[in-house]
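Chemist: predicted coordinates and the sequence they were generated for:
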Amino acid sequence: MPDNTQRPDDIKEFSGLNKLFKSKAVQFIINKIDDGTFSEFFDDWKWIFSFSKKYTKIIIFYTCLGVVSTTLSLVSSVASKYMIDIITGYEFSKLWILALIMVGSMVISLVFSSLVSRISTKISIYVNNDIQANIFDQIVDADWLELSKYPNGDLLNRFNSDISTISSNAVSWVPNIIIAVYNFIATFCVIFYYDSTMAWIALSSAPFLLLMSRFLMRKNKEYRKRVLEMNSGMMSFEAETFYNIDTIKSFGVTEHYSKGLRGWQEKYKKYNLDYNLFSIKTNIGMSLLGTAVSFVAFGYCLFRLWTGAITYGTMTLFLTQRSRLTTQFNSLVSIVPGMLNSSISAHRIRELIELPREKHIPKESEEMAKVSRLGFEVRMSDVNFAYVENNQVLRESNFTAKPNEIVALIGPSGEGKTTMIRLILGLTHPGDGTVSLIDINGNKVEINADTRRYFSYVPQGNTILSGTIADNMRMVKDDATDEEIIEALKTACAWDFVSKLENGINGKLGERGRGVSEGQAQRIAIARAVLRDAPVLLLDEATSALDVQTERQVLRNIIQQRPNKTIIVTTHRPSVLDMCQRVYRVMDTKLTELSEEESEQMVKDF
C-alpha cells in the first residue's frame with residue numbers, strides 16, 4: 001500500500017518567517033498547523049508516550065542523572081581552571097583540595113554517564129519489546145483482506161525499522177532535550193560569568209552551524225533514503241535468488257544472477273563513495289569554520305591574557321567550554337528531526353493497528369467445543385464474494401459438507417477454489433450470504449476467527465519450516481508425545497520414510513523442507529494436520545504431489561482415524577472423486593454440485 005504520509009524530505013516551499021531559515025523541520029510543523037493535521041502529529045506522540053507511562057519514574061531518574069552528570073562535568077572543568085591557576089601562581093597549599101574535587105567530579109560524572117547510558121539502553125529495549133509485542137498481536141488479528149494490501153517487505157520494514165525509531169525516542173526524547181538545554185545554558189552561563197564577550201564569541205558559530213546542520217541533515221536523509229532503497233532492492237534480489245536456487249540451477253543461469261549481484265554491488269560502492277566524498281568536503285568546511293572560530297576565541301584569550309585580565313586557567317576553561325557549547329548546540333538542533341521522524345514512524349505503525357480487526361464470536365464459538373467430537377457441518381448459503389468491487393469471484397453459491405464425508409471442490413485454476421477455503425476459514429467474509437458451522441444439535445455459528453480452532457488446514461505449496469520433523473508437527477500441538485507424532489505420520493503414509501531417516505522424527509529439515517522430496521514434505525504437512533485432529537480437515541491441493549494410490553490411502557486412513565471428521569478437498573484431478581460423497585465445481589463465479597453420473601464420468605475420463 002502506498003505511503004502517502006508527508007515527510008520533512010518532501011517539503012519544497014517555505015512560508016512566513018521560515019523563508020529566512022528555510023528549515024524543512026520547522027516548515028513541516030507549520031504545514032501541519034495550517035492544514036489542520038497538527039492534531040495528528042500530537043496524536044502520534046501521545047500514542048508513543050502511552051508505551052512509556054510505566055517507565056515514568058525511571059525517566060525522571062534518568063533525567064536527574066543526566067543533569068547531575070552535566071553539573072559535575074562543569075564542576076570538574078572549573079576545578080581544572082583553578083588548578084592551573086594554582087600551579088602557575090605557585091600556590092601549592094590548595095592544590096590537593098582542587099585535585100580531589102576535579103578527580104572526584106570526573107569519576108562521579110563518569111559513573112553517572114555510564115548509568116545514564118545503561119538505563120537509556122534498557123528502557124529503549126523494554127519499550128521496543130512492548131511496542132513490538134503489542135503491534136504483533138494487533139497485526140496478526142487484523143482483517144486478512146485489509147492486511148494483504150500491504151506488501152510483506154513494507155510490513156517487515158514498519159515492524160522493525162519504524163518501531164526501532166519510535167522506541168529509541170519514546171523515552172529518551174524528553175530527558176535528552178531537558179539535559180541538552182540545561183547543558184547548553186549552564187555552559188553558556190559559566191563562560192558568561194567569567195567573560196561575557198567570550199560567551200558571545202563562543203556562541204557566534206551557532207547561526208553558521210544551524211545553516212550547515214540543516215544542509216547536512218538534508219543530505220544525510222537523502223543518502224539514507226537512497227541506501228535504504230538500494231538495500232531493499234539488494235535484499236529482495238538475494239532472497240529471490242536463494243529461494244529459487246533450484247530453478248536457477250536447473251535453467252543454468254547462475255552466471256546471469258552473478259552479474260546481477262555485481263550490479264547491485266556496483267551501486268552500493270557508488271553510493272558509499274559518493275557519500276564519503278560529500279563527508280570529506282563537509283568535514284573540511286566544518287573544520288575550517290570551527291578553526292576560524294577557535295582562532296578568534298584563541299586570539300581574544302591571548303589578548304586578555306596579555307593584558308592580565310584573565311589567567312591561564314580561565315583561558316583553558318574558555319577554550320574547552322567553547323567547544324562544549326558548540327557540541328550542545330548541535331545536540332539541540334538534531335533533536336527536532338528525530339522527533340519528526342518518530343512521529344512519521346508512529347503514523348505508519350498506527351495505520352496497521354487501526355486496520356479492521358478479525359471478526360470474533362467467542363461465546364457461541366466456545367459453546368461448540370462441547371460436541372466437537374461428534375463433528376460439524378460446513379454450510380455456505382447464497383454467498384457472493386469479490387476481492388475487488390464489481391469483479392465477482394463467487395456469485396449466489398451454496399455448499400454443504402457434513403461429518404463423515406469427503407467433499408471435493410474441482411475447477412480450473414484461478415476460478416475460486418482457494419477463495420472458498422478462505423471463506424470457510426473466516427479469513428475473508430462474504431459480501432452477501434452466510435458461511436456457518438453447524439453442530440450435531442443444529443446449533444449454528446457464523447464462521448469467525450474463533451471457529452478456526454475446529455479446522456485443520458493443509459494449504460497449497462511447501463509449508464514445512466526449518467527444524468526437526470517433530471518441531472514441525474508440534475507447531476499445531478506443542479504437548480504432543482512422540483507416539484502421537486508417529487501415529488499421525490503413519491496415518492499420512494509418511495512414517496515409512498521418516499522411520500528410515502538417521503534421527504527419525506528428530507531428523508532436521510532445511511528451509512522449505514530441504515532434505516525430503518516434495519511428495520514427502522506434503523505427507524508431513526498432512527500428518528501435521530492429522531495431529532491437530534480438528535473436526536474439519538481442509539486439503540487445498542494438498543495431495544497434488546502424491547501418486548493416486550497414496551492419495552487414496554491417506555484419505556482412507558483419515559476417515560478411519562475419526563469417522564465423524566468432515567473433509568473438504570480442492571483438486572485439479574478427479575482421481576479421488578469416487579471416494580467423495582459430494583463434488584462441487586467452481587466455474588464462471590458459480591458453484592455447482594455435480595450429479596453422481598457427472599462425477600463418475602469425470603473419473604472415467606481421467
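Modeler: Yes, it's here.

Chemist: and A480, how many neighbours does it have?
Modeler: Other residues near A480 come to 19 when the count uses other Cβ atoms under 10 Å. No exception for glycine: its C-beta is placed from N, CA and C like everyone else's.

Chemist: check which helix or strand covers it.
Modeler: Using DSSP states H and E, A480 sits in no helix or strand.

Chemist: identify the residue spatially nearest to it, adjacent ones excluded.
Modeler: Residue nearest to A480 in three dimensions, not counting chain neighbours: R474, with 5.3 Å by Cβ to Cβ, 6 or more residues apart in numbering.

Chemist: any idea how far the one you found is from R514?
Modeler: From R474 across to R514, the span is 20 Å (Cβ to Cβ, to the nearest Å).

Chemist: kindly report the same for D44.
Modeler: 44 Å.

Chemist: looking at the two, which one has more neighbours?
Modeler: D44 (22 against 13).

Chemist: could you tell me what pLDDT the model assigned to E377?
Modeler: Predicted confidence (pLDDT) for E377: 91.

Chemist: quick one: low-confidence parts of the stretch 1-150 of the chain?
Modeler: 1-41, 87, 89-99, 101-102, 105, 109 (pLDDT under 70).

Chemist: now the helices for the stretch 301-450 of the chain?
Modeler: Listed in chain order, the helices of the stretch 301-450 of the chain (DSSP state H, counting those that start in this stretch) span 312-353, 362-367, 417-425.

Chemist: would you mind measuring from R262 to D533?
Modeler: Taking Cβ to Cβ, one finds R262 at 52 Å from D533.

Chemist: meant to ask about S372, not that
Modeler: Counting by Cβ to Cβ, the separation of S372 from D533 is 10 Å.

Chemist: can you check S117 too?
Modeler: Using Cβ to Cβ, S117 is found at 52 Å from D533.

Chemist: neighbour count winner among those two?
Modeler: Between S117 and D533, D533 has the larger neighbour count (other Cβ under 10 Å), namely 18 against 11.

Chemist: for the more buried one, give me its contacts.
Modeler: Contacts for D533 (Cβ atoms under 8 Å, 6 or more residues apart in numbering) come out as S456, Q561, R562.

Chemist: okay, now the first one: neighbour count?
Modeler: Residues near S456, counting by other Cβ under 10 Å, number 21.

Chemist: go on, the last one?
Modeler: Applying the criterion other Cβ under 10 Å, we find 19 residues in the vicinity of R562.

Chemist: give me the nearest residue to it, chain neighbours excluded.
Modeler: Among residues not flanking R562 along the chain, D533 sits closest, at 6.9 Å (Cβ to Cβ, 6+ apart).

Chemist: pLDDT score for E240?
Modeler: E240 is given a pLDDT of 67.

Chemist: in strands only, show me the contacts of D533.
Modeler: Using DSSP state E, the subset of the contacts of D533 located in strands is S456.

Chemist: closest to L302 among the contacts of D533?
Modeler: S456 (85.1 Å; Cβ to Cβ).

Chemist: gap between that closest one and K402?
Modeler: 17 Å.

Chemist: swap in R379?
Modeler: Taking Cβ to Cβ, one finds R379 at 9 Å from K402.

Chemist: how near is Q520 to P563?
Modeler: 28 Å.

Chemist: who's more crowded, the two?
Modeler: Q520 (21 against 9).

Chemist: that one: which element?
Modeler: Secondary structure from DSSP H and E places Q520 in helix 518-532.

Chemist: on contacts alone, who are the packing partners of that helix?
Modeler: Judged by 3 or more Cβ pairs under 8 Å, 6 or more residues apart in numbering; DSSP states H and E, helix 518-532 is in contact with strand 455-458, helix 469-474, helix 482-491, strand 536-540, helix 548-561.

Chemist: quick one: strands adjacent to the shortest one?
Modeler: Think strand 455-458. Strand pairing for strand 455-458, using DSSP bridges, gives strand 536-540 (parallel).

Chemist: export the strand it pairs with as CSV, just CAs?
Modeler: Output of strand 536-540 as CSV, limited to C-alpha atoms (Å, rounded to 0.1, in the frame of the first residue of the first chain):
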residue,chain,number,x,y,z
VAL,A,536,-12.9,-30.3,9.9
LEU,A,537,-10.0,-31.0,7.6
LEU,A,538,-9.2,-28.7,4.6
LEU,A,539,-6.9,-30.0,1.9
ASP,A,540,-6.1,-27.3,-0.6
